[in-house]
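Asks: Model the following, please.
(one chain, ligands or ions: 1)
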Amino acid sequence: MKELQHLNKYFFKYKWQLIIGILITIVSKIFLLFTPELIGSSIDVVNDYIQGVITDKAVVKKELLINILYIIGAALITGILTFFMRQTIINVSRYIEFDLKNEIYQHYQKLSLKFYKNNRTGDLMNRISEDVGRVRMYVGPAIMYSINTITLFVISIGFMYKQAPSLTLYTIIPLPILSFIIYKLSKEIHRRSTIVQEYLSHLSSSTQETFSGISIIKAYGLEDQTSNNFNELSQTSKQKQLNLVKINAFFFPMMILLIGISNLIVIYIGGLQYINGEITLGVITKFIIYVNMLTWPVATVGWVTSIVQQAEASQKRINEFLNITPEIKNTILEPSKITGNIEFKNVHFTYSDTNIEALKGISFILEQGKSLAIIGKTGSGKSTILDLIGRLYDIDSGELLIDNTPIDKLNLTSLRDSIGYVPQDAFLFSDTINNNIKFGKEDATEDEVIQAAKYAQVHKNIMGFSKGYNTILGERGITLSGGQKQRVSIARAIIKDPKILLLDDSLSAVDTETEEKILKHLNNLAKDKTTIIVSHRVSSAKNADKIIVLDKGKIVQSGSHESLLNVDGFYKHLYLKQLSETSSTNN
Ligand SMILES: Nc1ncnc2c1ncn2[C@@H]1O[C@H](COP(=O)(O)OP(=O)(O)OP(=O)(O)O)[C@@H](O)[C@H]1O
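Replies: Numbers count the residues shown, from 1 in each chain. Modelled structure (predicted):
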C-alpha cells in the first residue's frame, strides 16, 4: 500500500464527497436489510395462521399488506441511496483519475529529451491510460465495495446471530472459503490479463510502427514478412486471451457452488432446529435471503484484494515516472528580459546516454541582431549547439551566456519564448495549416499568418490547395512535400517574432532559388534578431555575419564568407564543390 499513499492528497481534496458517499452507503445497506426481516416476519404470520395461533384472516392480510408496503418503501430508498452512493464515490474516482492523468501529463512535459529517448512512447501512453485506469478501480469500486461488504456483513451477521447463533456460525463457514478462492482466482486472472495486455500493447505498437513505415515496407516489398510477423504475434496473443477466458469461466460456477453449499446448510441445520422448535420458519427464510445477500459482498473481498494489488503495481509504475526529477530545472521564477547576445566559452557537452562527446570546447560570441552560420560534416555537433541554446540539455563545462547571464540563471519560459526554432525534421500537427503556423503565436491574426507564409515562400503553395489555409495536414489530411513542410515550419517560427531565430538545416529540401528568396526575407526580418543558420550548403551560409566550421565537435574554421574563401580549408572546398555541382546542373 506504500505506493498508493501517493493518492492520499487526492482523498483529502475530495474528503467531503467521500465522507458523504460512505455515509450514504452505510444507510443504504441498513435499508436493504429490512427486506429479509420483513419477509421473515410475513412467513411467520402466515405460519401462525396455519398453526392456528392467529385465527383472524383479516389480521394476516393486514400484516402482509403492511410488510409489502414497507418492503417496497425500503427497496425504493435503497435504490435511491445506491444511486447517490455511486454518484459520490464513483464520481470521486473519476475526479481523481482526471487529476492524476493531468499530474502525469504535466510532469511528462517537464522531463528532458533524454527521458523520451530512454522510454518508448507506448510505455508513456500506457502509464497515463491503462495504469491510471487500474488505480481508479482502487479509488472507486474497491473502496465502495469494501464499505458495502463491511456494512452488510456487520449488520446482517449481528441480526442473524441475535436470532439463531449456532445456525449463523454454520452458515458463514463457507464464506471465508469463498473469499479465499475468489482471491486466488482474481490473482490468476490478473496475472493472465497482464500477459494479455502486454501482448496487446506489443501488437499495437508493432502495427503502428508498420503503418508509420508503410512506404519503406512497400518499397522493399516486405509486406509478406510483416504480415507473417503480425500473424505470429496475434496467434500468441489469441492463445493468451483463451487462457484468460478459461480462468474467467471458473469465477461464476465457483460462486454458485459456494452459495449452494451455504443454502444447503441453512436448509438442513435450520430444518433440524425448526423441528426442534428452536427457530421459526421465518428465520430459515430470512437466513436464505441473508446468505444470498452476503455472497457477492464476501466474494468481493477476494476481488477487491486483487484490485488493490493491481492498483499498487500500477501506481508503482506511475510513481517511477513521477519521481524522476526534470533534468532541466527552472530555478528563476521572475521573467527574464532577453535581447539575444549569445556567447559560448569553451563549452563541452557529452550525451550521457551514448557517451558521445558532441562538443569539445566550443567558443564564439554572437552579438544581438547578428547572424551566424554553422557549417560542418554530419555528426559534427551543429544541432547540438542549437539544442544547448534552447536549453534542451545543460552544458557539462565551460560557459553558455545569453545576454552575459549563464543560461541556467535565466527564466526558462522567457528563454524559450524568445526563441524561434525550426528543427531539422519539420514536425507538423494533424491540424489545419493555419493552426500549424499559429502554433508559434496563438493569437496571431489571419493577416499575420499570411504574411509569415509569404516570407517563408509557402503562401502560393497553400493557396493552391482547395481549402487554402484550412487544409488539414497529417494522417487525416494531405501530406506536404519535404520542402513545403520546412517552409510551413519556418513560417511558424517567423510569426513568433522571436529575439533569437534558430534554423537547423531547415532549407535543405527547398531549391536554391526559393532558398535565396527566403534568406532575403529573413535578412530583412532578422535585422533585430540574432540568427543562427545550420546548413550543409554554402549558399545558406554565405550572407551570415560570421561563419563557423565544425568538425568532430570542434570549431576548425571561422570568419566571414570572403575571409574563409581565402583560406585553403573545408569551407573553400565545400564552396568549390557546390559551385561545380550547381554549374553542372545548370549546363
Ligand atoms: N539525442 C542524442 N543522444 C545521443 N547522442 C546524440 C543525440 N543527438 C546527437 N547525438 C550524437 O552527437 C553527435 C553530434 O550530433 P549533432 O546532431 O549535433 O550533429 P549535426 O552536426 O547536427 O549532424 P547533422 O548534420 O547530421 O544533423 C553525433 O555523433 C550524434 O550521433
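
Asks: contacts, neighbours, all on C-alpha from now
Replies: OK.

Asks: Go ahead and confirm Val449 touches Asn434.
Replies: Yes: under the criterion of C-alpha atoms under 8 Å, Val449 makes contact with Asn434 at 6.9 Å.

Asks: Can you classify the residue most central in space within the chain as helix, strand or coil?
Replies: By C-alpha atoms, centre = their mean, the chain has its centre lying nearest to Ile128, at 2.7 Å. When classified by DSSP: H, G, I helix; E, B strand; the rest coil, Ile128 comes out as helix.

Asks: Helices along the stretch 151-300 of the chain, start to end?
Replies: With helices called from DSSP state H, counting those that start in this stretch, the stretch 151-300 of the chain shows them at 165-172, 174-212, 214-219, 223-275, 281-322.

Asks: Give me every residue in this protein that's in contact range of the ligand.
Replies: Counting by C-alpha under 6 Å from any ligand atom, the chain comes close to the ligand at Tyr351, Asp353, Thr354, Ile356, Ala358, Thr378, Gly379, Ser380, Gly381, Lys382, Ser383, Thr384.

Asks: Okay, domains of this protein per the record?
Replies: Per the TED database, the structural domains of the chain span 1-164+303-327, 165-278, 342-585.

Asks: Run the chain-centre distance for the last one.
Replies: Domain 342-585 has its average C-alpha position 32 Å from the chain's average C-alpha position, going by C-alpha atoms, centre = their mean, to the nearest Å.

Asks: which stretch of helix or strand covers Lys345?
Replies: Per DSSP states H and E: Lys345 is located in strand 342-351.

Asks: which secondary structure elements does that strand contact?
Replies: Secondary-structure packing of strand 342-351 (3 or more C-alpha pairs under 8 Å, 6 or more residues apart in numbering; DSSP states H and E): strand 356-366, strand 397-402.

Asks: which ones are touching the residue of the stretch 201-350 of the chain found nearest the ligand?
Replies: Using C-alpha to the nearest ligand atom, Thr350 is the residue of the stretch 201-350 of the chain that sits closest to the ligand, at 7.7 Å. Thr350 sits next to Ile356, Glu357, Ala358, Leu359, Asp396 when contact means C-alpha atoms under 8 Å, 6 or more residues apart in numbering.

Asks: was I right about Ile155 contacting Ile30?
Replies: Yes: Ile155 is within contact range of Ile30, at 7.4 Å (criterion: C-alpha under 8 Å).

Asks: Tell me the buried residues in stretch 201-208?
Replies: His202, Leu203, Ser205, Ser206, Thr207 (16 or more other C-alpha atoms under 10 Å).

Asks: Most neighbours of all the residues of the chain next to the ligand, which one?
Replies: Lys382 (28 neighbours; other C-alpha atoms under 10 Å).

Asks: hang on, isn't that residue packed against Val534?
Replies: Yes: using C-alpha under 8 Å, Lys382 makes contact with Val534 at a distance of 6.5 Å.

Asks: Give the intersection of the neighbour lists for those two.
Replies: Residues touching both Lys382 and Val534 (C-alpha under 8 Å, 6+ apart) are Ile374, Ile375.

Asks: still on that earlier bit, and among the helices of the stretch 151-300 of the chain, the most buried is which?
Replies: helix 281-322 (a mean of 21; mean count of other C-alpha atoms under 10 Å).

Asks: Report the distance from the helix or strand hosting Lys61 to the chain centre.
Replies: Using DSSP H and E, Lys61 sits in helix 57-85. Counting by C-alpha atoms, centre = their mean, helix 57-85 is centred 48 Å from the centre of its parent chain.

Asks: Now do the buried residues in the strand holding Lys345.
Replies: Ile342, Glu343, Phe344, Asn346, Val347, His348, Phe349, Thr350.

Asks: and it, which strands flank it?
Replies: strand 356-366 (antiparallel), strand 397-402 (antiparallel) (DSSP bridges).

Asks: Can you add mean pLDDT and give those back as a markdown table?
Replies: Output for those, formatted as a markdown table (pLDDT from 0 to 100):
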| stretch | mean pLDDT |
| --- | --- |
| strand 356-366 | 92 |
| strand 397-402 | 93 |
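
Asks: taking the ones you listed together, which one is wrapped up most tightly?
Replies: Counting by mean count of other C-alpha under 10 Å, the most buried of the strands paired with strand 342-351 turns out to be strand 397-402, with a mean of 20.

Asks: residues making contact with it?
Replies: By C-alpha under 8 Å, 6+ apart, strand 397-402 touches 338, 340-349, 361, 389, 406-407.

Asks: For stretch 382-397, measure first residue to last.
Replies: The separation between the terminal residues of stretch 382-397, taken as C-alpha to C-alpha, to the nearest Å, is 18 Å.

Asks: Going by neighbour count, list what's buried in that stretch.
Replies: Buried-residue list, stretch 382-397, by 16+ other C-alpha under 10 Å: 382-395.

Asks: what's near enough to touch the residue in the stretch 51-200 of the chain that the ligand sits nearest to?
Replies: Residue of the stretch 51-200 of the chain nearest the ligand, by C-alpha to the nearest ligand atom: Lys114 (6.7 Å). Contact analysis of Lys114 by C-alpha under 8 Å, 6+ apart lists Asp353.

Asks: which SSE is it in?
Replies: Lys114 belongs to helix 113-118, assigned by DSSP H and E.

Asks: for the record, mean pLDDT for that helix?
Replies: Mean pLDDT, helix 113-118: 82.

Asks: Beyond whatever helix or strand Val449 lives in, next helix or strand please.
Replies: Under the criterion of DSSP H and E, Val449 resides in helix 446-455. Going down the chain from helix 446-455, the next helix or strand is helix 459-464, by DSSP H and E.

Asks: Can you name the residues in contact with that next one?
Replies: Contacts for helix 459-464 (C-alpha under 8 Å, 6+ apart): Ile450, Ala453, Lys454, Gly468, Tyr469, Gln484.

Asks: go on, stretch 102-113?
Replies: Here stretch 102-113 has contacts from Ile128, Ile318, Leu322, Ile324, Thr325, Pro326, Glu327, Ile328, Leu392, Tyr393, using C-alpha under 8 Å, 6+ apart.
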